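Participant: Give me a model of this one.
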Amino acid sequence: MTQEIIEFQQVTKVYRQKGAEVVALRDVNLTVARGEIFGIIGLSGAGKSTLLRSINRLEVPQSGRVLVDGSDITGLSGPALRQARRKIGMIFQHFNLLASRTVRGNIAFPLEIAKVAPAAIERRVRELAQLVGLADKLDAYPAQLSGGQKQRVGIARALANQPEILLCDEATSALDPQTTQSILELLRDVNRRFGLTIVLITHQIEVIKAICDSVAMMEDGRVVEHGPVVEVFAQPRTATAHRFIESALHGEVPAGLRLAEPGRMAAGAGRRVRISFLGEVARQPIIAALIRRFDLNVNILYANLDFIKDTPFGSLIVELTGAEDSIEKSLQYLADQGLRIEVIADVEPAALEPAR
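Facilitator: You can find the predicted model right below:
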């Protein structure tokens, strides 16, 4: 059994509209590991939906291959394609439920198509309704459900044939924040319980931060950055990644904190610094160390703390005052601990990178 369950190999997709060409995917190479929650993020038009829908061949690329569990799904048709798609469930932004069917009927629908015996269908429907918290809604119609309940029906329906992969097409963007959180928790539970590989697309970095193990960031049909979420957040390499991560960190430095007193800075008596941290280093008493080791005054001006799944990350803005050589040594000390250090007293900040 291979570690990768999905692999894109030089995939390109071009749409032709009114005589013009729109390149949705440009030579995409990407792998998704078995059992992980993989997020694809980008702005509208970045190519996210086309990439996702290539996995179950709702979109067919002009060139390249999409391998699903080792099989090239782009080359399948007829019964072979239908069989491959049974291993891939999908949920949608606007739920796509059958309005004329009850919750029971919607969950049962893919099982009926697969010609499962009626008694087995009923058992599976009840099992899934219990899993998604809708055991008391089996006879309700979609019009009688809230948005969150409709998405739960969609998840149950997508799980009916016991797929190995679950595709989520902007599954929470039509929901309020509280309902979004409950749906993300359900997806995380499904991933853990069944070892299901989940691939989701979103334009919300908060969704990536909440449940994803890995992320691909897209722009103009290209994957511009990808890797484990924690690593991408810790060391973003592209402007696209920086923009998304800054929004997740709420990390834009307040304008007033960039305006340090010019006289003090010129004299070397102080530095206004942003300290960014991620992982176990967040638990270290760095402020106490600066005071004790370097005999500095440390004034905390701004702070935020958040989590990527269970990993803490965030930033502090502090003002360091004391002897100039002590300040410089303290900045290098912080960088040596794996922290990102940015002097923000000037409009054009200087930075010390963490020691490698």
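Participant: alpha carbons only for contacts and neighbour counts from here, please
Facilitator: Fine.
Participant: and the helix or strand hosting residue 31, which strands flank it?
Facilitator: In the assignment (DSSP states H and E), residue 31 maps to strand 20-33. Strand 20-33 has these partner strands in its sheet, going by DSSP bridges: strand 4-17 (antiparallel).
Participant: I would like the residues contacting the partner strand, please.
Facilitator: 21-34, 50, 55, 60-70 (CA atoms under 8 Å, 6 or more residues apart in numbering).
Participant: If we use 7 Å, what do you get?
Facilitator: With CA atoms under 7 Å, 6 or more residues apart in numbering as the test, strand 4-17 has contacts from 21-34, 61-69.
Participant: Just the endpoints, please. Distance across stretch 218-233?
Facilitator: Stretch 218-233 stretches 15 Å from its first residue to its last (CA to CA, to the nearest Å).
Participant: Pull the distance from that stretch to the chain's centre.
Facilitator: In terms of CA atoms, centre = their mean, to the nearest Å, the centre of stretch 218-233 is set 10 Å apart from its chain centre.
Participant: same question, stretch 314-333
Facilitator: That offset, for stretch 314-333, works out to 33 Å (CA atoms, centre = their mean).
Participant: Put the alpha carbons of that stretch into PDB.
Facilitator: Output of stretch 314-333 as PDB, limited to C-alpha atoms (Å, rounded to 0.1, in the frame of the first residue of the first chain):
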ATOM      1  CA  GLY A 314       1.500  33.700  17.300                       C
ATOM      2  CA  SER A 315       3.500  36.900  17.900                       C
ATOM      3  CA  LEU A 316       4.600  39.500  20.400                       C
ATOM      4  CA  ILE A 317       5.600  43.100  19.800                       C
ATOM      5  CA  VAL A 318       8.000  44.200  22.500                       C
ATOM      6  CA  GLU A 319      10.100  47.200  23.200                       C
ATOM      7  CA  LEU A 320      13.600  46.400  24.400                       C
ATOM      8  CA  THR A 321      15.600  49.100  26.200                       C
ATOM      9  CA  GLY A 322      19.000  48.900  27.700                       C
ATOM     10  CA  ALA A 323      22.600  48.800  26.500                       C
ATOM     11  CA  GLU A 324      22.900  48.600  22.700                       C
ATOM     12  CA  ASP A 325      25.300  45.600  22.700                       C
ATOM     13  CA  SER A 326      22.900  43.700  25.100                       C
ATOM     14  CA  ILE A 327      20.000  44.400  22.800                       C
ATOM     15  CA  GLU A 328      21.900  43.100  19.700                       C
ATOM     16  CA  LYS A 329      22.900  39.900  21.700                       C
ATOM     17  CA  SER A 330      19.300  39.400  22.800                       C
ATOM     18  CA  LEU A 331      18.100  39.500  19.300                       C
ATOM     19  CA  GLN A 332      20.500  36.900  18.200                       C
ATOM     20  CA  TYR A 333      19.600  34.800  21.200                       C
END
